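Model the structure of this input:
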Amino acid sequence: MDPLFNTTEFNGTGNNGSGNGSEGLNQFVQPVWQIALWGVLYCSMVAVSVVGNMVVIWIILAHKRMRTVTNYFLVNLAFAEASMSAFNTVINFTYAVHNEWYFGPIYCRFHNFFPIAAIFASIYSMTAIALDRYMAIIRPLQQRLSSTETRMVVLVIWTLALLLAFPQYHFSSIAALPGRTVCYIDWPEYSSLDFRKLYYVCVTVLIYFLPLCIMGCAYTIVGVTLWASEIPGDSSQRYKEQLIAKRKVVKMMMVVVCTFAICWLPYHVYFLLHEFFPELFEQRYIQQVYLGVMWLAMSSTMYNPIIYYCLNSRFRAGFQQVFCCCSPTVGKEELELKSPRYMQTQMSIYRASRLEAAVSTSVEIKTV
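I've put the predicted structure just below:
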């Protein structure tokens, strides 16, 4: 089977699509109750992921106060995760259960191509957020990314993602076996180079270990800086609020990164073992293992909206506004709190009150 997310080898077929004694028959037939249980788990996960990430995108794009550099990358992250859930997860579940490809050659290419691009875009959006937080906190005097520069970074991320995933698109194919059709990747064979193993090792490093190392270093330095900073007794209230806000954002993103790392680790270990120890994957129970590992990996797409809701008051207000858990006006006020117009209004009120107090004091002194 090929990672992300080809499953042809559950049925005893090799990468060339030919049988190895099973004559193309499905060797892994599950009871109906198991299929139903997995179906409920996968469909529920997809529903939560797509709805939650679409709400995140709306919250950010529909409210000017939410359009920050960090949140633009969160939009890219939410788009990648919602797309992968919507276009790949249910299809891959169906293929993993039935071991027959029903969706034609064009979608076979897309099915093998898009997940790598989406995961690359997701994790490097998180990496970009980590580097942005690092620059904002460790080097605050340097100029921050503008909205145009942020869009350019997102474009570069997707360009690199598509290039990395292109081999899976190029070598994807379908084969008609006796009694069924399979979607597989027909990797080229070189006498001195195992292209398949080299590609998957590179992909695993580039979409998992390398970005996690970068984010780990960045958040370690940022965390030490923020949580080792003691708020002096005479600090201004504004300084205290800024420090607390920075800590909240960093805490939220650290939880997002850790969740991603935990969910995807078993998946990458599974496929690395499969590449180097294929004999371990000839048992009947391996299909259940794969479905569990794949569900855990894909479930990472549904946790981020939940994390935002729990750890960020503005996202919480946005979700409440969408799902009518409280007065829509309250959610809107929270999302627009401390907007430039709000701050200007509050400053005008403050100045007017100070002027009124000064005039009143002056009149009282003259009267005395």
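
got a list of what Ala128 touches?
Residues near Ala128 by CB atoms under 8 Å, 6 or more residues apart in numbering: 73, 153, 157. Bear in mind the C-beta positions are built from the backbone N, C-alpha and C, glycine included.

Out of those residues, grab the one that's most surrounded.
Comparing those on neighbour count, Phe73 comes out first with 25 neighbours (neighbours: other CB atoms under 10 Å).

Does that residue touch Val154 like I think?
Yes. Counting by CB atoms under 8 Å, Phe73 sits close enough to Val154 to count as a contact (7.3 Å).

joint contacts of those two?
Joint contacts of Phe73 and Val154 (CB under 8 Å, 6+ apart) are Ser125.

so who does Arg247 touch?
Arg247 touches 226-227, counting by CB under 8 Å, 6+ apart.

how close does the nearest residue to Val56 once chain neighbours are set aside get to Gln30?
Closest residue to Val56 apart from its sequence neighbours, by CB to CB, 6 or more residues apart in numbering: Ala78 at 4.4 Å. According to CB to CB, to the nearest Å, Ala78 and Gln30 sit 33 Å apart.

the more surrounded of those two?
Ala78 (27 against 16).

How about stretch 123-139, which residues are buried there?
123-137 (16 or more other CB atoms under 10 Å).

go on, stretch 266-276?
267-268, 270-271, 274-275.

Of those, which belong to helices?
Under the assignment DSSP state H, the buried residues of stretch 266-276 contribute 267-268, 270-271, 274-275 to helices.

now the helices for the stretch 251-368 of the chain?
Secondary structure of the stretch 251-368 of the chain (DSSP state H, counting those that start in this stretch): helices located at 286-298, 300-311, 313-323, 328-336, 340-367.

Which of the ones you listed comes out lowest on mean pLDDT?
Note on these: lowest mean pLDDT is at helix 340-367, with a mean of 43.

Now tell me which helix or strand of the chain has the poorest mean pLDDT.
helix 340-367 (a mean of 43; mean pLDDT, DSSP states H and E).

Any regions of the stretch 1-150 of the chain where pLDDT drops low?
Along the stretch 1-150 of the chain, the parts satisfying pLDDT under 70 run over 1-29.

Nice, that's everything, thank you.
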